[in-house]
Each structure stands twice: as C-alpha cells, then as structure tokens.
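> After the sequence you'll find the predicted model.
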Amino acid sequence: MKLVLAAALGAVIGSACVAQAETTLILGEAGPNRGARAQSMNWFAEKAGELSGGDLKFDIQWGGALFKAGAALSGVADGVADLGTVISVYFPQEMVAYGIADLPLKNDDAWVGMKATNELMQGNASIRQNLADMNLVYIGTFTTSAVHIGCKDKAIRSIGDISGLKVRGVGAYGDTFKDVGANLVPMSVYDAYQGLDSGLLDCSQGYSYATAALKQHEVITSYTLLNWGQVGALGILMNKDMFDSLSPENQQALLSAGDGIADELGRLITADNAKAIETMKAAGVEVIELPEADRAQLIEGGQKYVDAWVERASAVGLDGAALLNEYKGLIAKYEAERDEKGYPWMR
C-alpha cells in the first residue's frame, strides 16, 4: 500500500513539474488573424513552442484586444502583454534604431530586408542596450515588402513623369516623390481606391499584394515597379523582465523562431506579390519596370532622409553612421546568399 501511495505521489509531483515547466506567453497583435503576416505570426508561435520542447505556449490576442497599435510599445514594456507587434512609425523617437528598416535605401527584396534587419537588431550590442533601457528585447521582424506605385490614366516610366501628379505617399518614399514634383495627398491606403476612382489621386504608393487585395487593379491603368526599398520596421518585441525570467534554452527558442519569420513571411509574401502582378496584368493594367538609372535617382533623392535618420540615431546615443554601414553590409550579405543559393524555401 505504501508503495502504491508513493508511486501515486510521485506521479502527482511529476505532473506538477511538467505543468510548471509550461509557460504561456500573452502576445498582443493589433491586426486581424488573417493574411500573410498573421500566418507568419502563427508559424512563429508554433515554431517557438517546438524549439522549446513544448515549454512555450502562446495566447495571441488579435485585433487590438489588449492595445491598439499606438499603445503597443508601452503595452509590452509595462507588461500588459509579454510580447507584442510594434510598428516603428508610431514611436519615431523610441524606435529610432528599428526605423533603419524603413529607410529609402536600395533594399527592395522582402527576404533580404528581413534577414538584414534581424541580424542587426538581434546582434548589435548598442541596439540591444538601447532596447533594454526601455525594458524591451527584439525578437523578430515583418515587412510590408517593396514600395511600388499604381496610377489611373497616368503612367510613371521615368522620374520626369512624377512632377505634377497627385500622389498618396508612403513615408520617406512619398517625401522623395514630393521633392521631384509630386503633390502629396494625405490619405490612407484603404481610401486610395475611392481617391483614384474619383480623381482625388492620380497615383498611390503601396505594395503589390495590398494593391490586389484592396482591388485597386479595378481602377488603376498602370503599375510601376520602383524596385527601390521597403517598409520593414514592424515586428515582435518582448518585455525584458519576462524574457530574462526564461531559461537560456527558451530564450534562444524565441530568438530562433523570430529569425525564422523572415523565411516564412518571405515565402508567403513573395508568392502573394507575384500573384498580385498577374492579377493586375489580367485586369489590363500595364506593369512598368522603372529603369535602373531612374531608380538610382530616387535612391539619391532619398539620401537626405537617410541622413536625417543618422542624426536622430546619434541624438539618442547611437552611432547612426556605423549602424547604417552595418545594415548596408548585411543587405549585401543576404543578397549574395540569395544569388548564390536561392531563397531558403526554394533550396
């Protein structure tokens, strides 16, 4: 009888230890549970759980249930959620380091941009300390992919075609268009269909998959591939107190899964963008490739916004010039890897 009781007690203690080993992390996400980014978020949660041997589980709160996008930074830092998706443009001062991924550099490949951003944000000691001072740890990144432009009854075949156009712009990409003569019209991407249809807009900058998803191919007549840069400063940050409380193995599981987002979202978004281009062509939209010389002019024109970022980074104690050089080197590194080996999902 004593042996039976001892065995039973041992089983109960063993079960308790297993239960205690499991950690459920609350993750706040402002967006809905659909689309490529949501699929990648779910992949991240599953992968981190797998790499942790089942120790890590996730309670993802979608649609801003815990906090809206504009409150994400404090929501994570203060522990409202253990992790959360943070969009850099909402926090230009605090997230200045992360804002490097939004700069109008020659950086139009989604996978390359995400891999470069991950290595910089996870590996640079000064960035890690900058985030730690805010009780944050960087986990992994997403991207909206390359910025292109759709127009109604107009066509951008060269830089000279931009002057005088009414354009909905995206960050520094829109500002650079303004510098070469575009008239910027403040409007959300969700209102661009109506803006194009009504004539309030001639053109709208955006992303191929979003252009098709929002059915803008129904109103645009041309779509110019700028082959320029992307908006990539949105990703998962974690509360540092919670991160530090985890075992080194589980910390590494989170970081490895965070880095893997680049492969999963890269695969999804590359396919979605290619499908979107075919949808536009099928709808009769003329797809134009901006000449290399004109792209070089856009990159040169955007340099002042890159310089301004370097100054902002330096103002918060970071070496902006050094970070920029490191980031450009990482972009080149992953471009070379892509050219030599292909994308991970194609190997």
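Thanks, I have the structure now. Residues are numbered from 1 along each chain as shown.

> Show me what the helix or strand encompassing Asn325 is packed against.
Here Asn325 sits within helix 320-341, counting by DSSP states H and E. Using 3 or more C-beta pairs under 8 Å, 6 or more residues apart in numbering; DSSP states H and E, the elements in contact with helix 320-341 are helix 110-123, helix 303-315. In this view, the C-beta of every residue, glycine as well, is placed from N, C-alpha and C.

> show me the contacts for Met187.
168, 195, 200-201, 204 (C-beta atoms under 8 Å, 6 or more residues apart in numbering).

> wait, is it part of a helix?
No. Met187 sits outside any helix when classified using DSSP: H, G, I helix; E, B strand; the rest coil, being coil.

> Need the pLDDT of it.
We have a pLDDT of 92 for Met187.

> Would you map the strands across the stretch 51-200 of the chain?
Assigned by DSSP state E, counting those that start in this stretch, the stretch 51-200 of the chain shows strands spanning 56-61, 83-87, 136-142, 148-151, 166-168, 183-184.

> most neighbours per residue, which of these?
strand 148-151 (a mean of 28; mean count of other C-beta atoms under 10 Å).

> Tell me the strands beside it, with direction?
strand 203-206 (antiparallel), strand 222-225 (antiparallel) (DSSP bridges).

> sorry, back to before: now tabulate the strands of the stretch 51-200 of the chain in a markdown table and tack on mean pLDDT.
As requested, the strands of the stretch 51-200 of the chain are exported to a markdown table (pLDDT from 0 to 100):
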| stretch | mean pLDDT |
| --- | --- |
| strand 56-61 | 98 |
| strand 83-87 | 97 |
| strand 136-142 | 98 |
| strand 148-151 | 98 |
| strand 166-168 | 98 |
| strand 183-184 | 98 |
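
> Quick one: closest of those strands to Leu268.
Smallest distance to Leu268 across those (C-beta to C-beta): 10.6 Å, for strand 136-142.

> chain center to the closest one, what's the gap?
Its chain's average C-alpha position is 10 Å from that of strand 136-142, according to C-alpha atoms, centre = their mean, to the nearest Å.

> repeat for stretch 176-188
23 Å.

> Same check on stretch 155-173?
Relative to the centre of its chain, stretch 155-173 is centred 24 Å away, using C-alpha atoms, centre = their mean.

> Could you work out the end-to-end span of that stretch for me?
For stretch 155-173, the first-to-last residue distance is 18 Å (C-alpha to C-alpha, to the nearest Å).

> Buried residues in that stretch, which are they?
156, 159, 161-162, 165-173 (16 or more other C-beta atoms under 10 Å).

> Extract the CA atoms of stretch 122-134 and return them as PDB.
Written as PDB, here are the backbone C-alpha positions of stretch 122-134 (Å, rounded to 0.1, in the frame of the first residue of the first chain):
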ATOM      1  CA  GLN A 122      19.400  40.900 -32.600                       C
ATOM      2  CA  GLY A 123      23.200  41.200 -32.900                       C
ATOM      3  CA  ASN A 124      24.200  44.800 -32.400                       C
ATOM      4  CA  ALA A 125      25.100  45.400 -28.800                       C
ATOM      5  CA  SER A 126      24.200  49.100 -28.800                       C
ATOM      6  CA  ILE A 127      20.800  48.400 -30.200                       C
ATOM      7  CA  ARG A 128      20.200  45.700 -27.600                       C
ATOM      8  CA  GLN A 129      21.200  48.000 -24.800                       C
ATOM      9  CA  ASN A 130      19.000  50.800 -26.300                       C
ATOM     10  CA  LEU A 131      16.000  48.500 -26.100                       C
ATOM     11  CA  ALA A 132      17.000  47.100 -22.700                       C
ATOM     12  CA  ASP A 133      16.900  50.600 -21.300                       C
ATOM     13  CA  MET A 134      13.200  50.600 -22.300                       C
END
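
> Could you list the low-confidence segments of the protein?
Scanning the chain for pLDDT under 70 picks out 1-21.

> Enumerate every residue touching Asn273.
Applying C-beta under 8 Å, 6+ apart, the residues near Asn273 are 110, 145-146, 207-209.

> Show me where the protein has its helices.
Secondary structure of the chain (DSSP state H): helices located at 2-21, 36-51, 72-77, 110-123, 125-132, 171-179, 192-198, 208-213, 240-245, 248-282, 292-301, 303-315, 320-341.

> buried sites along the last one?
Which is helix 320-341. Result for helix 320-341 [16+ other C-beta under 10 Å]: buried residues 320, 323-324, 326-328, 330-331, 334-335, 338.
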